[in-house]
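Student: Any chance you could fold what I've pasted below:
(chains A, B, C and D)
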Number of protein chains: 2
Amino acid sequence: MPSPTLSDVAQAAGVSYATADRVINNRGNVAAKSIAKVNEAVAALGYVRNVAAANLSRKRVYRLAFLIPKGSNAFFNRIRDQIARVADHQSAERVTAEIIEVSAFAVASLEDSLCELVHQDLDGVAIVGLQSERLEKPLAALREKGVAVIGLVSDLPQGFRSAYIGIDNIVAGRTAARMVGMAHADSAGVVQTFVGSTDAHDHVERLQGFCEVIAKDYPQITVRDPIMTKDDPAVLLAQTRALLSQEPDTSALYNVGAGNSGLVQAIGAIQSNRPFCVVHELVAHSRKALQEGLIDLVIDQRPDVEISRAFTVLRALIDERDLPPLADLMPTIYVQDNLPADPLTDMMRAQAT
Amino acid sequence: MPSPTLSDVAQAAGVSYATADRVINNRGNVAAKSIAKVNEAVAALGYVRNVAAANLSRKRVYRLAFLIPKGSNAFFNRIRDQIARVADHQSAERVTAEIIEVSAFAVASLEDSLCELVHQDLDGVAIVGLQSERLEKPLAALREKGVAVIGLVSDLPQGFRSAYIGIDNIVAGRTAARMVGMAHADSAGVVQTFVGSTDAHDHVERLQGFCEVIAKDYPQITVRDPIMTKDDPAVLLAQTRALLSQEPDTSALYNVGAGNSGLVQAIGAIQSNRPFCVVHELVAHSRKALQEGLIDLVIDQRPDVEISRAFTVLRALIDERDLPPLADLMPTIYVQDNLPADPLTDMMRAQAT
DNA sequence: GCGATTTTGATATACGTCAATCATTTCTTG
DNA sequence: CAAGAAATGATTGACGTATATCAAAATCGC
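Tutor: Predicted coordinates for the structure are as follows:
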């Protein structure tokens, strides 16, 4: 029993192919009762549009763009690699993906890039966003042109994007706190936190979630005010070093942001038993530190999964199809034992070049 | 610049469309130098076969089957739901998936089902497998017929399936041990383990991984011999109850298998501070227990991800395409804070019916 | 029941690939 | 160099949908 075609539906509904087509692609100028007849036939036969034929006929191409902060940040390298990889594979389905680099976390730069996008002929864009009203106008213009827009990793102003793909950073912070709490096993302790900057929404949210859980469920643990690091390894190295010698009662470290190589270096230098260490994002550095037992946990947002999902969601939006079943995206906890074999970290990049 | 067609390639190569087609679909009877010319043109133009057109032309349908243990096990309910969900969504791509229920963990039953499969007209099968030589003959017969075969959740004899989709259970056990170790924070302790049966490979492997890590990295922790539970909640309830009263020095519980509702019930009944609890698989029961703070961790194998992947891999095998970039499948650690919003647990099922 | 409007039917072409046919050319081999 | 084999070219009809055109029919307003 081959699946029914639109001709079958038309026949079953007692209308012509043309009318069935008018209903299916709601082109208008169809009598209400014809619509009903066709819909019944669709339901009765279990008709589903053959997307292969449809895509072929309408010469569908998916021109996608990804706006990613520039710079050699290990995390965004991982993101860029994954975009290239997925795009390469999906080229058989007529998908092209362009990576547009934007000055990191600068509203003006992002705004400019968005304005340029409007003049390009695109079908969908995924943007590592910022919460700023200045972005609303160009985003509205994009949407006006029928471009699907989603936020990636960091959200855009709500109402100006069709979806957000990324983790909830409050949840990420809460998760980190839970692990730190468990590792204290009812005994008292002091946690030193590190943040890149208080301008970064994600950092603030993580810290907020972290403090919430510690305060509520682990009252015997004290959270010290965060140290500002600008995500700079040098700062982290110096600060951690100072901390380890001056505050020996520190029982745990939690770095909300980047720059972990400095933290790891400082920890690697001490011989006595070190504090419990939690950091974010699995990249070459943090992976190595985890394997060598210099840190205990990495909370990762699975950028590879996020990218795959961005492609899937953008295509679904462009085709106006409903989404496939997608599991929720949650912060993933890595210990040295459950590391993925293929890191998709920037290690790979080094080998490839 | 629309993407080049096979006609473009033929023209660029200076051969006819027919010859280019013979090369692309290697139909044979073509001179070596023609092959070379066509391949060069393919590379030069960046030709990629339009899969929409190809699928349309060859009337591709993907008839898949999933062999899943029968019974109302919460974990396999989750699996079955996800299969139905994905199949429903992929019906637009002419994918049909049939769920074939097999008596749980019975080699004879699995063997029978496999033998029947040979007479069905299938393109791909995913099997919750067993390691038994008796399966080799029917598996070989399936492969002979050109059916793609993969192992799912539990592997088949190697060499008789094209891929295995599931976690490494030794890794899962190691991960559990790491968490238990961390939760002891250098202090001594005693862990009681529970297994369903020693026949189940996955249970044995998890236990093995668990003991390895405790022995190596947490020598101050003692692992007691496992209690046999047959995955039966009643057994777990009774045994845990007895344990909690008779062995008050127990600092952690690790259930390698199923039947967690019994364990949770026993724990819920005590008022003094309970041992650290780790179980496997996020289902309605374990999820609830985690949220209520009755257990501490759930190690999950993400069956929803596994199912999506099974579809992807089977289709790639059937089309003889290379796989899209897929992240490694690792045991996922859930605490009460990073639970997915939509559980895809059997709760959903109850609501739907 | 007239003209105007809306709705329907019939039909055609294109999309890029697959798969097949048949005639023709080129290459082997003795 | 002729006979046979191998390789190539030219062409065609699906596959199911999108989209367009034009004529015919049904419905509406009055």
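Student: And the residue of the stretch 251-353 of chain A that's closest to DNA strand D?
Tutor: Of all residues in the stretch 251-353 of chain A, residue A:319 sits closest to DNA strand D, at 9.6 Å by Cβ to the nearest atom of the strand. Using the backbone N, CA and C atoms, a C-beta is placed for each residue, glycine as well.
Student: Could you count how many residues lie near that residue?
Tutor: A count of neighbours around residue A:319, defined by other Cβ atoms under 10 Å in any protein chain shown, yields 16.
Student: Show me the shaky parts of chain A.
Tutor: A:1, A:342-353 (pLDDT under 70).
Student: which residues in it form helices?
Tutor: A:6-13, A:17-24, A:32-45, A:51-57, A:74-90, A:107-119, A:136-144, A:169-184, A:201-217, A:233-246, A:260-268, A:284-291, A:303-319, A:346-352 (DSSP state H).
Student: just the ones you listed: most buried one?
Tutor: Greatest average neighbour count among the helices of chain A goes to helix A:169-184 (a mean of 25), per mean count of other Cβ atoms under 10 Å in any protein chain shown.
Student: related to what we said a few turns ago, let me have the helices of chain A in a markdown table, extended by distance to chain B.
Tutor: Shown next, in a markdown table, are these (distance: least, Cβ to the nearest Cβ, whole Å):
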| stretch | distance to chain B |
| --- | --- |
| helix A:6-13 | 13 |
| helix A:17-24 | 13 |
| helix A:32-45 | 13 |
| helix A:51-57 | 4 |
| helix A:74-90 | 4 |
| helix A:107-119 | 18 |
| helix A:136-144 | 23 |
| helix A:169-184 | 4 |
| helix A:201-217 | 7 |
| helix A:233-246 | 18 |
| helix A:260-268 | 16 |
| helix A:284-291 | 11 |
| helix A:303-319 | 5 |
| helix A:346-352 | 11 |
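Student: Enumerate the residues of chain A near DNA strand C.
Tutor: Applying Cβ under 7 Å from any atom of the strand, we find that chain A lies next to DNA strand C at A:14-19, A:22, A:28-31, A:33-34, A:53, A:56-57, A:59.
Student: how close does the closest residue to residue A:169 other than its chain neighbours get to residue B:197?
Tutor: Nearest residue to residue A:169 in three dimensions, chain neighbours excluded: residue A:205, at 3.7 Å (Cβ to Cβ, 6 or more residues apart in numbering or on different chains). For residue A:205, the distance to residue B:197 equals 45 Å [Cβ to Cβ, to the nearest Å].
Student: Ok, residue A:99 next?
Tutor: 51 Å.
Student: now residue A:75
Tutor: Counting by Cβ to Cβ - residue A:75 and residue B:197 are separated by 44 Å.
Student: Please apply the same query to residue A:53.
Tutor: Taking Cβ to Cβ, one finds residue A:53 at 51 Å from residue B:197.
Student: With residue A:184 instead?
Tutor: Applying Cβ to Cβ to residue A:184 and residue B:197 gives a distance of 36 Å.
Student: what do you get for residue A:341?
Tutor: Taken as Cβ to Cβ, the span from residue A:341 to residue B:197 is 29 Å.
Student: So which of the two has more stuff around it?
Tutor: Comparing residue A:341 with residue B:197 by neighbour count (other Cβ under 10 Å), the higher total belongs to residue B:197, at 13 against 10.
Student: Contact partners for the more buried one?
Tutor: B:203, B:228, B:230-231, B:257 (Cβ atoms under 8 Å, 6 or more residues apart in numbering or on different chains).
Student: tell me the domain boundaries of chain A?
Tutor: Domain segmentation of chain A under automatic domain parsing yields A:6-49, A:62-166+A:304-322, A:169-300.
Student: closest to residue B:268 out of the ones you listed?
Tutor: domain A:169-300 (18.1 Å; Cβ to Cβ).
Student: Off-centre distance for the closest one?
Tutor: 22 Å (Cα atoms, centre = their mean, to the nearest Å).
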